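[1] structural data only, the sequence is not supplied:
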């Protein structure tokens with residue numbers, strides 16, 4: 001825990017940028033019309049796929065004794081896969097809305 005607090009205090013600018021990016025992302029997403037939601041989800045699914053591959057590569061190249069890297073890599077893989085599956089589910093629902101009803 002002390003290492004985490006020390007890392008954050010040493011990299012305070014990066015922490016501020018991350019917090020600002022979160023708020024900007026939330027504001028941007030709130031103002032997107034629903035018609036553009038499906039193409040944006042496709043892009044998000046592609047980025048989540050890259051995150052999954054990157055997390056797997058980090059886990060493969062990490063030291064087997066480095067439990068922090070392995071744990072964070074595992075969590076990144078799980079969250080990336082959940083994001084991809086959820087994105088495809090939402091995209092499927094959005095596309096169903098645009099189909100003509102018989």
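    Arrived safely, thanks for sending. All values derive from a computational prediction rather than experimental measurement.
[2] can we go C-alpha only for contacts and neighbour counts from here?
    Will do.
[3] what's the average pLDDT for stretch 47-62?
    Stretch 47-62 carries an average pLDDT of 86.
[4] can you check stretch 94-101 too?
    Stretch 94-101 comes out at a mean pLDDT of 76.
[5] chain center to it: distance?
    Centroid displacement of stretch 94-101 relative to its chain, using CA atoms, centre = their mean, to the nearest Å, is 27 Å.
[6] again, but for stretch 3-10
    Centroid separation between stretch 3-10 and its chain, computed with CA atoms, centre = their mean, is 23 Å.
[7] going along the chain, name the helices of this protein.
    Secondary structure of the chain (DSSP state H): helices located at 2-10, 12-30, 37-61, 67-98.
[8] in a markdown table, list those along with mean neighbour count.
    Output for the helices of the chain, formatted as a markdown table (neighbours: other CA atoms under 10 Å):
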| stretch | mean neighbour count |
| --- | --- |
| helix 2-10 | 10 |
| helix 12-30 | 11 |
| helix 37-61 | 16 |
| helix 67-98 | 15 |
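[9] comparing those, which gets the lowest mean pLDDT score?
    Ranked on mean pLDDT, the bottom entry among the helices of the chain is helix 37-61, at a mean of 79.
[10] just list what that helix packs against, helices and strands only.
    Packing partners of helix 37-61 (3 or more CA pairs under 8 Å, 6 or more residues apart in numbering; DSSP states H and E): helix 67-98.
[11] quick check: angle from the helix it packs on to helix 37-61?
    160 degrees (axes from the mean of the first three to the mean of the last three CA atoms, to 10 degrees).
[12] mind giving me the packing neighbours of helix 67-98?
    Helix 67-98 packs on helix 37-61, going by 3+ CA pairs under 8 Å, 6+ apart.
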